[in-house]
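> need a structure here:
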Amino acid sequence: IREESTLQRLSFSDEITHSELVLLVEVVRHCPMLQSISLFFKRIDDDAIQLLSDAIRQAPASKSISLSLRGIDDSPMQFLCEAIRHSLGLQSIELAFEGDMEVQSRHPFGLSWEALQSLAEAIRLAPESLIIKLSLGDEHYANDGTAMKRILSTLRQASTLQSLSIPAEIGKIESVFLCHAVRNAPILQSINLCLDDFVFDDENWDVMQVVNTAIRVAPALESIDLFDFDIGSCLQDFSECIPKAPALRSIRFPRFDGTQDQSIKVVCAAIRDARGLQNIEFCFDEISNHGMKLICETMQKSRALQSISLPCCGISDNATKIVCGTIRNAQKLQSISLSCWGLSDHAMTLICGAVKHASASQSIHLSCWDLSDHSVKSVCEAMRNVSALLGISLCFDDISDKAMKFLCDASREAQRLQSIDLSCWAIRNKAMRTLCEATPHVATLRSISLSCGGIGDEPMKLFSEAIRHAPALQSVSLYGFCGNQSMFDRAQGCQIRFE
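Coordinates of the predicted model:
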């Protein structure tokens with residue numbers, strides 16, 4: 001790789017040894033066009049972090065380094081923080097502290113109190129030219145409020161922080177510290193939070209005002225993702241602050257009641273008045289026909305909108321017709337994502353028929369749950385005839401051999417299909433063999449995700465051979481695979497993830 005003059009990005013999803021790291025640091029220093037490198041460590045020692053710290057200090061201005069750390073002790077953390085504070089030319093660094101379940105009770109995010117303080121100080125004092133992206137915890141993390149408050153209070157003056165992600169649940173008190181951090185970070189562009197246990201209602205009115213103020217005044221905030229929490233009675237105040245956010249381009253709306261027309265009107269007003277809003281993702285369990293009509297009409301009239309993600313879960317055939325009308329008349333949209341669950345065969349036929357009218361310049365992704373064989377056939381017809389369809393996600397309790405054959409035959413003939421996600425509790429051996437036969441013949445397929453529960457070693461060996469011969473395949477994710485991982489060692493040039 002050191003002699004490869006055109007290499008731009010290098011990513012390791014598995015842990016590397018110390019001796020391998022020595023060689024890798026030389027690559028970081030000398031590979032002329034290498035722009036980005038990603039590394040993962042379960043635990044990292046003093047010697048390894050010193051090597052990385054030297055690379056961070058001396059990296060040319062074009063370099064970007066991403067580190068995912070399951071846990072780190074105080075001494076290695078000091079080396080890392082010193083490197084961040086004194087980086088000479090590094091362009092950006094992304095740090096993800098997932099936390100170690102074994103030491104979580106003592107060390108939040110896998111970091112001691114001293115390490116947390118060092119990290120916050122390093123971010124605050126980093127060179128202005130260094131862009132920092134920070135992720136704390138994961139969805140399994142049980143939050144320690146004191147740790148969260150301590151680091152967020154320091155981040156209030158983090159002039160280089162560009163992205164902040166906290167997948168761990170945060171609560172009422174920490175949200176106040178968080179909002180002060182957001183509103184005072186001058187280049188913070190994206191914020192992703194998990195507020196599952198924090199319901200915005202009348203009792204939390206003061207906190208909601210802080211949240212709204214932070215969104216309105218954060219000078220560079222482009223993206224808000226509040227994951228999947230119920231915003232309750234504070235929807236109107238939250239929606240009214242959206243058009244006032246100076247740089248907002250993308251939002252994932254919190255969960256709201258789609259059966260209440262007043263809630264829909266509030267959301268639509270926010271979309272209509274936010275003139276720079278380009279990407280919208282909705283989250284609701286149910287929606288009335290009239291509510292769907294209001295949302296679709298608003299999206300069609302929006303001048304800046306480029307991408308929408310719309311749940312079509314359990315909607316009626318009449319509401320489905322409204323969605324289909326939007327798809328047919330949305331030529332200016334660059335991306336459309338539809339989640340289809342609990343729809344009738346007739347409704348799925350309508351959606352697939354509407355998708356056929358999409359232009360070749362658009363990208364469409366369909367996510368479908370528990371389809372009948374008839375609906376699978378409709379989806380497959382769309383795959384054959386729609387050049388805009390780039391991704392398909394199908395979730396079954398038990399996919400039939402017939403449905404798998406429909407899918408594989410259509411995949412061979414699909415014009416631009418790039419990703420397939422099959423989440424099935426069980427895939428029979430015959431269906432698995434059908435998938436293996438088709439995979440090498442999908443010329444544009446870049447990624448495939450597969451739930452492996454109940455699949456035996458013999459079918460998985462066939463699959464490991466099949467992906468070796470897929471011409472464009474770059475990524476394979478295998479969920480729940482308990483067999484011998486070494487059977488995938490020969491799949492060179494393709495990133496394999498076992499999750």
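
> For the stretch 201-350 of the chain, which segments count as strands?
Here the stretch 201-350 of the chain has its strands, by DSSP state E, counting those that start in this stretch, at 223-225, 250-252, 279-281, 307-313, 335-341.

> typed the wrong thing, it's the stretch 51-200 of the chain
Using DSSP E, counting those that start in this stretch, strands in the stretch 51-200 of the chain cover 64-69, 92-97, 131-136, 161-169, 190-194.

> Switch those strands over to JSON lines, and while doing so, append mean neighbour count to every line.
All C-beta atoms are positioned from the backbone trio N, CA, C, and that covers glycine. Formatted as JSON lines, the strands of the stretch 51-200 of the chain follow (neighbours: other CB atoms under 10 Å):
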{"stretch": "strand 64-69", "mean neighbour count": "20"}
{"stretch": "strand 92-97", "mean neighbour count": "21"}
{"stretch": "strand 131-136", "mean neighbour count": "21"}
{"stretch": "strand 161-169", "mean neighbour count": "21"}
{"stretch": "strand 190-194", "mean neighbour count": "20"}
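
> okay, those strands in TSV with distance to residue 47 and mean pLDDT next?
Output for those, formatted as TSV (distance: least, CB to CB, whole Å; pLDDT from 0 to 100):
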stretch	distance to residue 47	mean pLDDT
strand 64-69	15	80
strand 92-97	20	80
strand 131-136	25	77
strand 161-169	29	68
strand 190-194	33	68
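
> Quick one: those strands as CSV, columns for distance to residue 373 too.
Listed next are these as CSV, based on distance: least, CB to CB, whole Å:
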stretch, distance to residue 373
strand 64-69, 41
strand 92-97, 42
strand 131-136, 41
strand 161-169, 37
strand 190-194, 38
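
> still on that earlier bit, mind putting the strands of the stretch 201-350 of the chain into CSV with mean pLDDT and mean neighbour count?
Converted to CSV, the strands of the stretch 201-350 of the chain look like this (pLDDT from 0 to 100; neighbours: other CB atoms under 10 Å):
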stretch, mean pLDDT, mean neighbour count
strand 223-225, 79, 19
strand 250-252, 86, 19
strand 279-281, 89, 19
strand 307-313, 85, 20
strand 335-341, 86, 19
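
> need those strands in CSV with distance to residue 63, can you?
Converted to CSV, the strands of the stretch 201-350 of the chain look like this (distance: least, CB to CB, whole Å):
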stretch, distance to residue 63
strand 223-225, 24
strand 250-252, 27
strand 279-281, 29
strand 307-313, 30
strand 335-341, 30
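
> For residue 77, find the nearest of those.
Between residue 77 and the strands of the stretch 201-350 of the chain, the tightest spacing by CB to CB is seen for strand 223-225, at 27.9 Å.

> Which neighbouring elements make contact with that closest one?
For strand 223-225, the elements it packs on are strand 190-194, strand 250-252, judged by 3 or more CB pairs under 8 Å, 6 or more residues apart in numbering; DSSP states H and E.

> mind checking which of those strands is nearest residue 93?
strand 190-194 (15.6 Å).

> What distance do you get for the residue nearest to residue 442 when sequence neighbours are not counted to residue 404?
For residue 442, ignoring the flanking residues on the chain, the nearest one in space by CB to CB, 6 or more residues apart in numbering is residue 411 at 4.8 Å. Distance of residue 411 to residue 404, given as CB to CB, to the nearest Å: 10 Å.

> again with residue 329
Distance, residue 329 to residue 404, by CB to CB: 34 Å.

> neighbour-wise, which of these two wins?
More neighbours surround residue 404 than the other of residue 329 and residue 404, with 24 against 14 (other CB atoms under 10 Å).

> burial measure for residue 189, as a count.
Quick note: residue 189 (other CB under 10 Å) scores 19 neighbours.

> Quick check: chain neighbours aside, which residue is closest to it?
residue 222 (4.6 Å).

> same question, residue 78
In space, residue 78 is closest to residue 118, 6.0 Å off (CB to CB, 6+ apart).

> okay, that neighbour: pLDDT?
Model confidence at residue 118, expressed as pLDDT, equals 82.

> and if you look at residue 374?
According to the model, residue 374 scores 90 on pLDDT.

> The residue nearest to residue 442 - how many residues pack around it?
Using other CB under 10 Å, residue 411 has 22 neighbouring residues.

> which secondary structure elements does the host helix or strand of it contact?
Using DSSP states H and E, residue 411 sits within helix 401-413. Packing contacts for helix 401-413, counted by 3+ CB pairs under 8 Å, 6+ apart, involve helix 373-385, strand 389-396, helix 429-438.
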